[in-house]
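Asks: Sequence first, then the predicted structure:
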Amino acid sequence: ERHFDFLTGLHNKQTLETTFSLEFSRAERYHTKLAILVLDLDCFKEINDRHGHLAGDRMLQHIGNILAQSIRSFDTAARFGGDEFVILLPETDKNEALELAERIRTKINREMFVVETSEIRLTVSGGVAVYPDDALSSKELFTCADKALYQAKHFGKNIVLQHKPEPRRDSRSDTRSI
């Protein structure tokens, strides 16, 4: 079916975008929380380069299975592209989203892949953001989760971080006092 990613069986990017828009509108209308989790496999390019794309594909399929088994029936898991995945979690606060993300991260990290004679341990980094705490538009919410993911990669990978607002500079402190 064209709503699904052919490799992982998860929703594809187009379906994710449609669902995200609907879930965001619902969260706004009913004043509920909506969490988004962005996950990215660590060092996936090296695995593909070293062991070939078939091995990489098998790992992506396996990640897809883990995500599908980890979520509730009304959550949405999608392959966003390449080795990046997104999970939408309606009516979920930051702690609940981080808890799920940590469970998924741990599950993936526990797995040992055997490719020919090599053993590969996969790790994943992630970022979490929640409406309305972190952002008031869907685009901004995604950006917040993506920034948190980028920080997780920067801080050494195999970690999930929540969006932290940048400290606002007080405009008065910029003016010189006499």
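Replies: Arrived safely. Remember, predicted model here, so these are calculated numbers, not experimental data.

Asks: how close does Thr117 get to His51?
Replies: Distance, Thr117 to His51, by CB to CB, to the nearest Å: 11 Å. Any C-beta I mention is one placed from the backbone N, CA and C, and that applies to glycine too.

Asks: do Leu98 as well
Replies: The gap separating Leu98 from His51 is 31 Å, by CB to CB.

Asks: repeat for Ala101
Replies: Relative to His51, Ala101 is positioned 26 Å away (CB to CB).

Asks: Of the two, which one has the most company?
Replies: Ala101 (26 against 17; other CB atoms under 10 Å).

Asks: Please list the outside residues in contact with the host helix or strand of that one.
Replies: Per DSSP states H and E: Ala101 is located in helix 94-110. For helix 94-110, contacts defined as CB atoms under 8 Å, 6 or more residues apart in numbering pick out 35, 37, 39, 63, 66-67, 70-71, 87, 89, 92, 121-124, 126, 128, 130, 133, 158-160, 162.

Asks: run the last query once more with 6 Å
Replies: Contact with helix 94-110 is made by 35, 37, 66, 70, 89, 122-124, 126, 128, 130, 160, 162, as judged by CB atoms under 6 Å, 6 or more residues apart in numbering.

Asks: Need the CA coordinates for it. PDB is fine.
Replies: Output in PDB follows, covering the C-alpha atoms of helix 94-110 (Å, rounded to 0.1, in the frame of the first residue of the first chain):
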ATOM      1  CA  LYS A  94       7.200  14.800  28.100                       C
ATOM      2  CA  ASN A  95       8.000  12.200  30.800                       C
ATOM      3  CA  GLU A  96       5.900   9.600  29.100                       C
ATOM      4  CA  ALA A  97       7.500  10.300  25.700                       C
ATOM      5  CA  LEU A  98      11.000  10.100  27.200                       C
ATOM      6  CA  GLU A  99      10.100   6.900  28.900                       C
ATOM      7  CA  LEU A 100       9.000   5.300  25.700                       C
ATOM      8  CA  ALA A 101      12.000   6.700  23.800                       C
ATOM      9  CA  GLU A 102      14.300   5.200  26.500                       C
ATOM     10  CA  ARG A 103      12.600   1.800  26.200                       C
ATOM     11  CA  ILE A 104      13.000   1.800  22.500                       C
ATOM     12  CA  ARG A 105      16.600   3.000  22.700                       C
ATOM     13  CA  THR A 106      17.400   0.200  25.200                       C
ATOM     14  CA  LYS A 107      15.700  -2.500  23.100                       C
ATOM     15  CA  ILE A 108      17.600  -1.500  20.000                       C
ATOM     16  CA  ASN A 109      20.900  -1.300  22.000                       C
ATOM     17  CA  ARG A 110      20.400  -4.800  23.400                       C
END
